[in-house]
Every structure is written in C-alpha cells, then in structure tokens.
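> Next comes the sequence, and after it the predicted model I'd like to discuss.
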Amino acid sequence: MSTRTEATTPWPKLVVIACALSIVVGVVLLAFSWPAVTASAHDVPVGIVGADDQVDQVKDRVEDASDGAIALTRFDDRKDAVAAIEQRDAFGAIVLGSSPTDAPEVLQATAASSQIAQMMTGIAQQLQQQIDAQITATVEKQVNATLSGQAPPPAAGETPQPFEVPEVTVTTTDVVSLSDDDPNGTGLTASMFPLVIGGMLGGIVISMVLKGSGLKRVVALVIYAAGAGLVLTGVLQGIYGALQGDYLLNAAAMALSIAAISSTITGLAGLLGAVGAGLGAAFTILLANPISGAMAPVAFIVQPWGAVGQWLPPGAAGTLIRNLSYFPDASTVFPWMLLAIWACVGAVFTVINLPGRRSPKLSEHSQLGAGERASATAHAAV
C-alpha cells in the first residue's frame, strides 16, 4: 500500500503570505481612516448679505478666523442666499442687518452637512461676541463722557435720560433640516454602507457563482439591483425615516447605484476573470468609498480627491440620494447620468465575457489532447 503525503507550505512562502496579509490590513486601515484623520474644511462656500461696509468688515474677520476653511460669496438679499443653499451652491449664509442695531441672521443646512452646520453655529457665536463687545465699548464711552463732563447736559426743564443698552441677538435658522426621525443624520450616513457592501456582494456573487454567458449575468444584475433598491429604500425610508420624498424615485436611485457598483465588478470580471472581480471589489472599498463624501463632507477631503470621489459610483450615489431626500431644488442630472454610464459600461464588459469565451476553446483543446493520448495508449497496448 502506498501512503499519500499531503503537501505542506514551505517556510519561506508562509512568511511571505503572513507579511502580505499584514500589509493588506494596513492598507485597509489607511483607506478607511485617512479621510477622517485628514479631514479639514477648506473653501467651504458660504454666502453673505449686507451693505458694502458691513460685508467688508465681517468678511475679513470671518475669513481670518476660519483660516481658509470658509470662502464667502456675496448675495443681493436673503432670498438669493436661501435659494443657493437649497440648490446646494452654498452650505450656509450670513445675513447682516441694514443698521448696526439690527440682529444678524446665520443660515445653515444640517441636511447638507452636520459638521458644516456646526461651523455656522460657531460663526453665529463669534458674531454675537463681536456685537456684545461693540455694545459694551459704546456704553463705556458714553458713561465716561458723562462722568468727565464731555457729554452735553440736558436742556432746562428736561429730565436726564438713563442709558439704554441695546439688545442685539444673532439668530440661527436651519434652512434645510433633517427629518424628525433622523435628527442627527446617522441613518442617512449609515445608508451608504449597505449600499456599497450590497453592490460589492452582488457583483462578486454574480461573477463567481453564475455560470454561462455574460448576458445571463447582466440579467441577474438587473433583477438584483431592482430588488435590493426596493428593499433598502423600504428599510431606510419606511422603517428608519432616514430618506424623504417619493419612495419609488428613491428606490430607483438606490437600484441604479447598486447596479453601477455591481457592474463595475462584473465588468472587470468579464475582462479579467476572478482577478478582475477582486480588483473591482478592492477599487470600490479601498478607493471609491473612502473619498465618496459619506464619512466626511466633500469640502473636508483633501483635494483633488474630494472632487474625484464625486465621479465614482459611491460618491455620485451619496449625492443623488441626499439631494432627492432634502434638496429637491438641486440639480440631479449629473449623478443620474454618471451612475447610468458606470452601469452601462460595466454591463457591456460583462457581456463581452472574455474568460468565458476562452474556456470552451481550452476545453476543446484538452479534450483533443486526451483523445490523442488515449489513442496512443491503445496503440502501445496492441
């Protein structure tokens, strides 16, 4: 009897595999932590409304205090500033009063970004401190003038008027707020994780499990994306209340987003086989997702990566879903078209299915080789 000995992994190969896995873990950690660790606001578009002298005074103070985090843009009136916020051309605005005693108003949009909304709250506090300091200085000047006899005395028969300290309170208005069911936006932010993971899993399973032509994979991808879009939207909107607006429109956006992510993986698999599916998954989770703006606003991501992320499926999906829920006045043409292009290009590459076209030829050659060997064996036996 012959004893079969199982092959063992050589020690050098074992060391290489272990070291490679440690590097992979480091890359994954870097990809997920880099946007959060390096997040820093820069050139966040914020509007300002007011007279020329007021705008110049406040603009210099705000921009100096923000150290480049805020870029102020002049608007004619409050209505224009609100329209810019609702169209996502600005994250907030400062509306100055027509006179020094008029209270300024700070506009913000927590639905656009809770982090930037906190920045706008900080600006409101700074304005309040400046106004209080100006009022205090004015009152002290009047008191000193009276005590020193520099102030004109009241006319004969008039009663001296007491000092009146004006009250000017800066108000903060949330132009576009989050829903009552998701006041902190955690549900909306968390919706990106199942969207990206769902797209990845669908692409990997369809590429590796389904056998046959690339067209069958495309059909499976369409069915999967449509079903997943309905299910995810039902949970996020129907149960959690994280999404707002029309259910079917949100479901269509979810479905197209999942199709774009999945088809990226199936498309690369249609060109490179299993290696392509792995590259597609790595591209999605290690590059596209971290710079999508889901974990940190686009204005917080180091440029040009923040802008690049909006051209990739996860970034376009996040922008589209947020706009449909909270910013109906904002244009959604770009994310719709971009996701459709990713989905269609991926579907075309999936149908091409180069590994599948090569497999029958390889199988035919192997069968011919086996037949020739069997014939040679028969002749030898004779």
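Looks like it arrived, so ask away.

> Tell me how far Gly293 lies from Phe75.
Here Gly293 is placed at a distance of 25 Å from Phe75 (Cβ to Cβ, to the nearest Å). Backbone N, C-alpha and C define where each C-beta goes, glycine included.

> what mean pLDDT would you report for the host helix or strand of Val15?
Using DSSP states H and E, Val15 sits within helix 11-37. Confidence over helix 11-37 (mean pLDDT, whole number) is 81.

> contact partners of stretch 27-45?
Residues from elsewhere that reach stretch 27-45 (Cβ atoms under 8 Å, 6 or more residues apart in numbering): 66, 68-71, 73, 89-91, 115-116, 119, 285-287, 289-291, 295-297, 299-303.

> and those residues, which are buried?
Those of the contacts of stretch 27-45 that meet the buried threshold are 66, 69-70, 90-91, 115-116, 119, 285, 287, 289-291, 295-297, 299-301, by 16 or more other Cβ atoms under 10 Å.

> from those, which ones fall inside strands?
Counting by DSSP state E, those place Ile70 in strands.

> now, which of the buried ones among the contacts of stretch 27-45 lie within helices?
Of the buried ones among the contacts of stretch 27-45, the ones assigned to helices by DSSP state H are 66, 115-116, 119.

> Widest-spaced pair of the residues you listed?
Farthest pair in these (Cβ to Cβ) is Ser66 and Gln115. Separation: 13.6 Å.

> Enumerate the positions of stretch 26-42 that are buried.
Buried positions in stretch 26-42, judged by neighbour count with 16+ other Cβ under 10 Å: 31, 34-35, 39, 41-42.

> Likewise for stretch 193-200?
Applying 16+ other Cβ under 10 Å to stretch 193-200 flags 194-196, 198-200 as buried.

> Now render those as JSON lines, adding pLDDT, secondary structure and distance to Val95.
JSON lines is the format used below for the buried residues of stretch 193-200 (pLDDT from 0 to 100; DSSP: H, G, I helix; E, B strand; the rest coil; distance: Cβ to Cβ, whole Å):
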{"residue": "Pro194", "pLDDT": "87", "secondary structure": "helix", "distance to Val95": "39"}
{"residue": "Leu195", "pLDDT": "91", "secondary structure": "helix", "distance to Val95": "36"}
{"residue": "Val196", "pLDDT": "92", "secondary structure": "helix", "distance to Val95": "38"}
{"residue": "Gly198", "pLDDT": "92", "secondary structure": "helix", "distance to Val95": "42"}
{"residue": "Gly199", "pLDDT": "94", "secondary structure": "helix", "distance to Val95": "42"}
{"residue": "Met200", "pLDDT": "94", "secondary structure": "helix", "distance to Val95": "45"}
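
> next SSE after the helix or strand where Leu201 lies?
In this structure, Leu201 sits in helix 192-209 according to DSSP H and E. Sequence-wise, the next helix or strand downstream of helix 192-209 (DSSP H and E) is helix 214-233.
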